[in-house]
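K.L.:
Give me a model of this one.
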Amino acid sequence: MESIRRAIGRRSRLWDNQDFLRFWIGETIANFGGQLGLIALPIIAAVTLGASPFEMGLLAASANFPRMVVGIFAGTWVDSRKRRPIMINVNLLRAGTLMIIPFTSIFGILTFPILLAVSITLGVLGILFDSAWSAMVPNLVEREDLADANGKLWASMSLAQIMGPAIAGTMIAWLTGPNVLAFTAIALVVSAWYMKQIQQPEADVSTGFHAGPREILRNIREGYAELVRNPVVRPLTTTLVGISFGSGVFGAVFVLFLTNELMLSTRGVGAIFAVGGLGALAGSMLAAPMARRFGYGRIIAIGPFIQGSCNFLFTVAVFAESIGVALVAIGSFIGWIFLQAYDINRFSLRQSVTRPNLMGRVASSTMTLIAAAGMLGSLIGGTVGEIWGLAPALALGALTQIAAGFLTLRSPVPAIITLQQPEAISVAPVREPMPQVAVLGNDGA
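P.N.:
Prediction:
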């Protein structure tokens, strides 16, 4: 523990990296704005438009559905272009899309289909932004600073998760949901401005060649093939898919468990989410020091087991009503610490072992798979909860997350102490060689 405390106290080199600081500030502003939108959209649907339960479910699914469809092509598109202009333009497009809601509300023509179309459009733009985001960070920092950089970025996300709902609730009460989305749009414009100030040049990966359908399909295939061939990326991906499926099962009945079984008020539900957010913030701060102290692979390997075990406490809480709330609070806090530490170090390791010209495709391919797993898990979790009750659904979600941990445990990942170089990874051959695609330049796959 003393080593971890010394590591936390050590001055980060990233404080001298002006381009990373601009990126971090822009991302933090966008995260807080995103939390406002995350709360405002369903409130507008439920309160302003009187949406039915089916429509509310449709709105929730609309955020992930684009990741399953557009995500297949997003990585190929991102990998053939510079990432910073993509992020700037996407933020501006997201701001313009959000402004549709306040404008249509002012003129009295806001309808649920308009709200749904905005949500789907934001989902499409989000997958483009996230694909570019994961590929942008290694361009701004040195390889040994990846975990530190990702920890800072994810700490901002956690802080937004903690403070965002309370800020959003207060602002919606004062200004109404549509007007709050106008503030979200302004935040995205400011975020784009900060990213425009980044001076670190990017390698020009564009060749001016426009890929046809066959070339695009080859590029997509190459992104998914990298998930299979790379002995480090493969277990990271399969474990994450399993965790996402378990989270979908768990999350489908989580709020019902809090309100129906523990009889918590909406304020109490918010408090539980805030406790989880505090755990995520702590995990963000501890991720890099823990990896330096114990090794990246070990922290990644134990994450699913601890997080799944903490989630299993929720099942126990169903039968231990007197201490149910305490078990949930403890499980949320500790579980999120290790889930966040797992996620940051997994993300950093994947960045380090993925060649730059494949990062966008690897990111979008992964997001497509976990979106599909999460949606499938949600459907199964809701069905199990409806037929057999909330406790079996909670247990199934937690046990699935624990089981997913074995996919990493039985791989080369636990033995990894420091971040790897892409050329140090032995890549398994596929049945037929990947053709070189002009739009991507020399791929070397």
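
K.L.:
dump the residue contacts of I300.
P.N.:
236, 342, 345-346, 349, 408, 413-414, 416 (C-beta atoms under 8 Å, 6 or more residues apart in numbering). Every residue, glycine included, has its C-beta placed from N, CA and C.

K.L.:
so how far is the helix or strand in which it is found from its chain's centroid?
P.N.:
Using DSSP states H and E, I300 falls within helix 296-319. Centroid separation for helix 296-319 versus its chain: 19 Å, with C-alpha atoms, centre = their mean, to the nearest Å.

K.L.:
Which residue ranges of the stretch 1-150 of the chain form strands?
P.N.:
With DSSP state E, counting those that start in this stretch as the definition, the stretch 1-150 of the chain shows no strands.

K.L.:
Pass me the low-pLDDT residue ranges in it, would you?
P.N.:
By pLDDT under 70, the low-scoring segments of the stretch 1-150 of the chain are 1-12, 52-58, 60-61, 63-64, 71-72, 75-76.

K.L.:
pretty sure F319 is touching L394, no?
P.N.:
No - in this structure, F319 is not within contact of L394 by C-beta atoms under 8 Å, at 11.2 Å.

K.L.:
Compare neighbour counts for these two and give me the winner.
P.N.:
Set F319 next to L394 and count neighbours by other C-beta atoms under 10 Å: L394 wins out with 28 against 9.

K.L.:
That one against L313, yeah?
P.N.:
No - with contact defined as C-beta under 8 Å, L394 does not reach L313; the gap is 9.5 Å.

K.L.:
From G360, how far out is F73?
P.N.:
11 Å (C-beta to C-beta, to the nearest Å).

K.L.:
Looking at these two, which is more packed in?
P.N.:
In terms of neighbours (other C-beta under 10 Å), G360 is the more surrounded of F73 and G360; the figures are 31 against 19.

K.L.:
Contact partners for the more buried one?
P.N.:
74-79, 83, 131-132, 134-135, 223.

K.L.:
7 Å - rerun?
P.N.:
Contact analysis of G360 by C-beta atoms under 7 Å, 6 or more residues apart in numbering lists 75, 78-79, 131-132, 135.

K.L.:
Likewise for Q340?
P.N.:
With C-beta under 7 Å, 6+ apart, Q340 has these contacts: 154, 158, 280, 283-284, 287.

K.L.:
Share the number of residues neighbouring N260, please.
P.N.:
11.

K.L.:
if I look at it, how far off is F254?
P.N.:
From N260 over to F254 (counting by C-beta to C-beta), the distance is 11 Å.

K.L.:
M290 and Y342 touch, don't they?
P.N.:
No - at 10.0 Å, M290 does not count as touching Y342 under the criterion of C-beta atoms under 7 Å.

K.L.:
Spell out which residues are contacts of both of the two.
P.N.:
In contact with both M290 and Y342: I299, using C-beta under 7 Å, 6+ apart.

K.L.:
All good on my end, thank you.
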